[in-house]
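> Provide a 3D model corresponding to the input given below.
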Amino acid sequence: GGSAHLLLSKLCLGLKSESESAINNIKSNAEFQNKIETDFLIHLKYVNILFFSLAYFYLGKSYFDETKIGKSITCYNISYSLLQEQTSKKFDFNSNGFPKLVGRLSHMTNLITGIKHCILSHNQASEKENNLLYFQDVSKEISVNDMPIGTLVLKTSPFIFPGDDSIVLFVKEAPKPGVFNSIMSTFKYNSNTTTLPTPSAPQDNIPVNSRPRSDSEIAKEFQKRINAGENI
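Numbering: from 1, shown residues only. Coordinates of the predicted model:
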């Protein structure tokens with residue numbers, strides 16, 4: 001139940017919870033975390049904090065709709081504070097605060113600037129209403145009992161092949177053709193059949209047998225060349 005703004009707050013909390021689960025999974029494996037590109041980690045942190053901030057923003061709008069102006073102002077203050085940048089020069093996955101968006105992610109700063117401006121506008125309107133009419137107390141926090149429970153709306157859908165034409169699963173022309181490319185470029189999937197056709201004989205320096213080679217034989221030859229240290 002509740003207003004549309006309350007529903008939006010619940011949905012944002014659900015997305016925040018999902019991104020937080022991904023963050024915790026990465027943080028639990030330091031070796032895995034070190035292999036992930038920093039921009040991806042920053043983006044993940046960005047999504048997590050952004051939706052947490054929006055959850056408070058929409059909750060504040062919901063309280064404003066119910067003329068609970070004091071709680072509305074509290075939510076706007078928290079929402080805005082969540083978008084403050086991290087103080088450290090280097091991105092820290094474990095620190096509070098919004099990650100600095102630089103390089104390939106710098107274009108997203110305009111979105112954050114716009115959201116912060118929107119939050120401030122609503123906050124100022126709520127404070128004006130409160131100072132003139134309601135005179136409600138403004139606390140620093142929202143109690144746990146007043147926070148909605150996050151909601152996820154997920155729907156699965158079957159995958160349908162687009163049309164009846166054959167779909168090429170691998171690119172035929174590669175920058176550095178090798179055994180793997182020559183083998184894999186022969187695979188096609190036809191939506192009218194249920195099995196993959198036998199690949200044609202490779203064109204690289206693999207002896208071509210008089211009979212079509214099985215997938216197992218091709219794989220063994222491929223593995224033998226890898227073990228021999230060839231650059232495939």
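
> tell me the helices in the protein, going along the chain?
Under the criterion DSSP state H, helices of the chain are mapped to 4-27, 30-35, 38-65, 69-81, 109-129, 179-184, 215-227.

> a markdown table please, covering these and showing distance to Lys155 and mean neighbour count.
Heads up, the C-betas are built off the backbone N, CA and C, glycines and all. Formatted as a markdown table, those follow (distance: least, CB to CB, whole Å; neighbours: other CB atoms under 10 Å):
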| stretch | distance to Lys155 | mean neighbour count |
| --- | --- | --- |
| helix 4-27 | 14 | 17 |
| helix 30-35 | 30 | 9 |
| helix 38-65 | 19 | 21 |
| helix 69-81 | 28 | 23 |
| helix 109-129 | 26 | 15 |
| helix 179-184 | 33 | 18 |
| helix 215-227 | 36 | 13 |
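
> can you put those helices in CSV and add distance to Ser95 and mean pLDDT?
Below are the helices of the chain laid out as CSV (distance: least, CB to CB, whole Å; pLDDT from 0 to 100):
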stretch, distance to Ser95, mean pLDDT
helix 4-27, 12, 93
helix 30-35, 14, 85
helix 38-65, 9, 94
helix 69-81, 15, 96
helix 109-129, 17, 95
helix 179-184, 42, 46
helix 215-227, 42, 69
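
> Give me the distance between the residue nearest in space to the middle of the chain and Leu120.
Ranked by distance to the mean C-alpha position of the chain (CA atoms, centre = their mean), the top residue is Leu44 at 6.1 Å. With distances defined as CB to CB, to the nearest Å, the gap from Leu44 to Leu120 amounts to 26 Å.

> How about Thr113?
Spatial separation of Thr113 from Leu120 under the definition CB to CB is 11 Å.

> And for Glu127?
10 Å.

> can you check Tyr58 too?
Going from Tyr58 to Leu120 by CB to CB gives 16 Å.

> got it, and Ile23?
Here the distance between Ile23 and Leu120 works out to 28 Å (CB to CB).

> try Asn34
Distance check for Asn34 against Leu120: by CB to CB, it reads 38 Å.

> Repeat that for Gln33.
Computed with CB to CB, the distance linking Gln33 and Leu120 is 35 Å.

> before we move on, the earlier item: could you double-check that the residue nearest to the centre of the chain lies in contact with Glu20?
No - counting by CB atoms under 8 Å, Leu44 does not reach Glu20; the two are 9.5 Å apart.

> Overlap in contacts, those two.
When CB atoms under 8 Å, 6 or more residues apart in numbering defines a contact, no residue borders Leu44 and Glu20 alike.

> Report how many residues lie close to Ser157.
Residues within reach of Ser157, counting by other CB atoms under 10 Å, total 5.

> tell me the contacts of it?
Residues touching Ser157, when contacts are defined by CB under 8 Å, 6+ apart, are absent altogether.

> Grab the nearest non-local neighbour of Gln136.
Using CB to CB, 6 or more residues apart in numbering and skipping the chain neighbours, the partner closest in space to Gln136 is Gly70 (3.3 Å).

> how long is stretch 128-148 end to end?
In terms of CA to CA, to the nearest Å, the two terminal residues of stretch 128-148 are separated by 26 Å.

> who touches it?
The contact list for stretch 128-148, computed with CB under 8 Å, 6+ apart, reads 2, 6, 9-10, 13, 56, 59, 67-71, 73-75, 77-78.
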